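Participant: Output the structure for:
(one chain, ligands or ions: 2)
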Amino acid sequence: MVKTFKYIYGLRFETKGLENFQVEGPCVIVSNHQSILDMIGLMEILPDNCVQIGKKELLYMGPVGLIMYLGGVIFINRKSTSNAKTVMSGVAQTMLDENVKVWVYPEGTRNGNGDLLPFKKGAFHLAIQAQVPIIPVVYSSFSSFYNPAKKLFISGKIRVEVLQPIETKGLKAEDVADLTERCYSTMRETFFRLSGLASEANGSAQSPQQ
Ligand SMILES: CCCCC/C=C/C/C=C\CCCCCCCC(=O)SCCNC(=O)CCNC(=O)[C@H](O)C(C)(C)COP(=O)(O)OP(=O)(O)OC[C@H]1O[C@@H](n2cnc3c(N)ncnc32)[C@H](O)[C@@H]1OP(=O)(O)O
Ligand SMILES: CCCCCCCC/C=C\CCCCCCCC(=O)OC[C@@H](O)COP(=O)(O)O
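Facilitator: Ligands and ions are numbered 1, 2, ... in the order given. Presented below is the predicted three-dimensional model:
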């Protein structure tokens, strides 16, 4: 049902690398998060047996919260790192027991400013604790067709790339920072490429025309 919103809004998806989802057993999928439109992009490529990590406030969104709850979304309290850590440790065991993939937005919040925010570390702890691969997914920038500040929302194309799995076998807690950084730079590079943006050393991004 969520997927059908793409026809209403005139969004087209060009997807590459779906075969990278074909890993044996569970994995952690990480993707960039620009807006609520990501829910359409999520449903466009959602693999089987995959649940998402969401902020707990979403649970209180009436019927939408109920659907998410019934769909298996794992709710975390972002204001309490210790609570979120406890929930995610439980997830590591469950994903192995039940052969489930877990989708995390490592930026931890929506960000439509034409770059990726620094990644939070929960997804990477999770993958290392469960010793499962990380599969990065990158969606190109929406800014050419969707910009609430400029009251812009027209039809547009979203390029999606499912990148190759990053193995975590043998990695330990002390490798989390390095793994996070590796994944971040690969995804950021891919984001700029898919969006046709030139990156700048200071972290801001500009289109070549600008
Ligand atoms: C029309 C009808 C519609 C019908 C409806 C249908 C709807 C669709 C159905 C389903 C779709 C659902 C989609 C849901 C999408 C939801 C999107 C969101 O909500 S995004 C926001 C929530 N997600 C996240 O925040 C995930 C990312 N965040 C993290 O991973 C964080 O790390 C954290 C676990 C929340 C902790 O946050 P904190 O700010 O404290 O982050 P740090 O990363 O800086 O961590 C601090 C510190 O703790 C260490 N740490 C972190 N995690 C762990 C861990 N698991 N184990 C051990 N240690 C951990 C981390 O390393 C840091 O320490 P240090 O600095 O020393 O390294
Ligand atoms: C004009 C925009 C129109 C949007 C059309 C949306 C089509 C999708 C239809 C229904 C899906 C409803 C599901 C709602 C789930 C919202 C998930 C989401 O994006 O949560 C925000 C959260 O991650 C981070 O929150 P903050 O950025 O920190 O606060």
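
Participant: Residues of this protein that sit close to ligand 2?
Facilitator: Within reach of ligand 2 by C-beta under 6 Å from any ligand atom, the chain has these residues: 2, 5, 33, 36-37, 39-40, 55, 58, 64, 105, 109-110, 153. The C-beta positions use only the backbone N, C-alpha and C, and glycine is treated the same way.

Participant: show me the contacts for whichever residue of the chain sits closest to ligand 1.
Facilitator: Nearest residue of the chain to ligand 1: G122, at 2.1 Å (C-beta to the nearest ligand atom). For G122, the contacting residues are 53, 76, 84-85, 88, 104, 106, by C-beta atoms under 8 Å, 6 or more residues apart in numbering.

Participant: List the ones among the residues you listed that fall in strands.
Facilitator: 53, 76, 104 (DSSP state E).

Participant: So which residues of the protein form helices?
Facilitator: Secondary structure of the chain (DSSP state H): helices at 5-9, 38-45, 63-70, 81-98, 122-130, 176-195.

Participant: What does the pLDDT read for F75?
Facilitator: Here, the pLDDT recorded for F75 equals 96.

Participant: low pLDDT regions in the chain?
Facilitator: By pLDDT under 70, the low-scoring segments of the chain are 200-210.

Participant: at 90 instead, please
Facilitator: 89, 197-210 (pLDDT under 90).

Participant: since we're on the closest residue to I166 other than its chain neighbours, how many residues are nearby?
Facilitator: Residue nearest to I166 in three dimensions, not counting chain neighbours: I134, with 4.6 Å by C-beta to C-beta, 6 or more residues apart in numbering. I134 has 24 neighbours, counted by other C-beta atoms under 10 Å.

Participant: pretty sure I134 is touching L126, no?
Facilitator: No - assessed by C-beta atoms under 8 Å, I134 is found out of contact with L126, at 9.1 Å.

Participant: quick one: common contacting residues for those two?
Facilitator: With C-beta under 8 Å, 6+ apart, I134 and L126 have common neighbours V28.

Participant: Do I have it right that I166 meets P133?
Facilitator: Yes - shown here, I166 and P133 form a contact pair, counting by C-beta under 8 Å, at 6.1 Å.

Participant: bridging residues for S31?
Facilitator: The bridge-partner assignment for S31, based on DSSP bridges, gives V137.

Participant: that older thread, quick one: the residue of the chain closest to ligand 1 from G41, how far?
Facilitator: Distance of G122 to G41, given as C-beta to C-beta, to the nearest Å: 21 Å.

Participant: Enumerate the residues of this protein near ligand 1.
Facilitator: So the chain meets ligand 1 at 1-2, 33, 39, 52-55, 58, 64, 67-68, 71, 73, 76, 78, 81, 84-85, 88, 104-106, 108-109, 120-123, 125-126, 176 (C-beta under 6 Å from any ligand atom).

Participant: Any of these buried? List them.
Facilitator: Buried residues within the residues of the chain next to ligand 1, counting neighbours by 16 or more other C-beta atoms under 10 Å: 33, 52-54, 68, 73, 76, 84, 88, 104-106, 108, 120-123, 125-126, 176.

Participant: burial of Q164, as a residue count?
Facilitator: Q164 has 12 neighbours, counted by other C-beta under 10 Å.

Participant: err, M61, not the other one
Facilitator: The burial count for M61: 11, using other C-beta under 10 Å.
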